[in-house]
Structure formats: C-alpha cells, structure tokens
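>>> Sequence and predicted structure, then a few things I'm wondering about:
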Amino acid sequence: MSVVRHVSVRGRVQGVGFRAFVEHEALRQGVGGWVRNRRDGTVEALFVGRQTTVAAMVDACRRGPIGGRVDALYERDASDDELKLRRPGELFSVLPTA
C-alpha cells in the first residue's frame, strides 16, 4: 500500500545541499515525489511509496546532510494532486523555488 506524505523542514536547510541529499536518498530507496526550496528559507518535500520507505525518508529529513541543521520538521498526509508537481517521467524531481 502506498502512502503520500508532505514535510516542511526549518533550520539551516538552504545552501547546504539539502535538496540533493533528499533526492539521493529518495532515489536510493525507490521513493517517488519531489523536493524544493521555499522563499521563506524552508525546504519542503513530498514522498510517495511504501509506508516503511516513506517513514525512512522522513527520518532522513530529520537528520539532513552534513553541514545542515534541522530545527523543526512538520509532517502531514498529502494528496495525489500534490504529487502532480513532479516532472513527467521522473521518479523524483528537484523543483524550482516556490
């Protein structure tokens, strides 16, 4: 069974390779979705896949890359409509800043 989860991460998460870290982990684990910077300094991501691998992605976001610092992570259920932001043909997309 697939789940779709949205996360928003605050802290030192821009300029430290956070999006590349999330993309690498997602592709390594076979999780679909997307990640992007937000103008307010946060990073947001959406993950779709098996419950256990999506949970592992959320945990990876709690840690972040070396050089990053996660002060807070907000998590919620997401909709399939939100997944449509992903680029066609890609399992996982790095999207432009929103």
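Done, it's in.
>>> Enumerate the positions of stretch 61-70 that are buried.
61, 64-65, 68, 70 (16 or more other C-beta atoms under 10 Å). Every residue, glycine included, has its C-beta placed from N, CA and C.
>>> With stretch 38-46 instead?
Across stretch 38-46, burial judged by 16+ other C-beta under 10 Å covers 42-46.
>>> could these be laid out in TSV, adding secondary structure and pLDDT?
Below are the buried residues of stretch 38-46 laid out as TSV (DSSP: H, G, I helix; E, B strand; the rest coil; pLDDT from 0 to 100):
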residue	secondary structure	pLDDT
42	coil	98
43	strand	98
44	strand	98
45	strand	98
46	strand	98
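>>> coming back round to it: make TSV from the buried residues of stretch 61-70 and add distance to residue 92 to it.
What follows is these, written out as TSV (distance: C-beta to C-beta, whole Å):
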residue	distance to residue 92
61	13
64	17
65	16
68	19
70	20
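>>> so which of these comes closest to residue 51?
residue 61 (15.8 Å; C-beta to C-beta).
>>> State the mean pLDDT of the top strand by length along the chain.
Secondary structure of the chain per DSSP state E: the longest strand is strand 2-12. On average, the pLDDT along strand 2-12 is 97.
>>> elements contacting it?
When contacts are defined as 3 or more C-beta pairs under 8 Å, 6 or more residues apart in numbering; DSSP states H and E, strand 2-12 packs onto strand 43-50, helix 51-63, strand 69-77, helix 80-83.
>>> And the contacts of the helix-or-strand element of the chain with minimal mean pLDDT?
Least confident helix or strand, the chain: helix 80-83 with a mean of 91, by mean pLDDT, DSSP states H and E. With contact meaning C-beta atoms under 8 Å, 6 or more residues apart in numbering, helix 80-83 is reached by 4, 6, 32-34, 46, 48.
>>> List the contacts of the nearest residue to residue 53 once chain neighbours are set aside.
Computed as C-beta to C-beta, 6 or more residues apart in numbering, the closest residue to residue 53 that is not its neighbour in sequence is residue 29, at 4.9 Å. For residue 29, the contact set (C-beta under 8 Å, 6+ apart) comprises 49, 53, 56-57.
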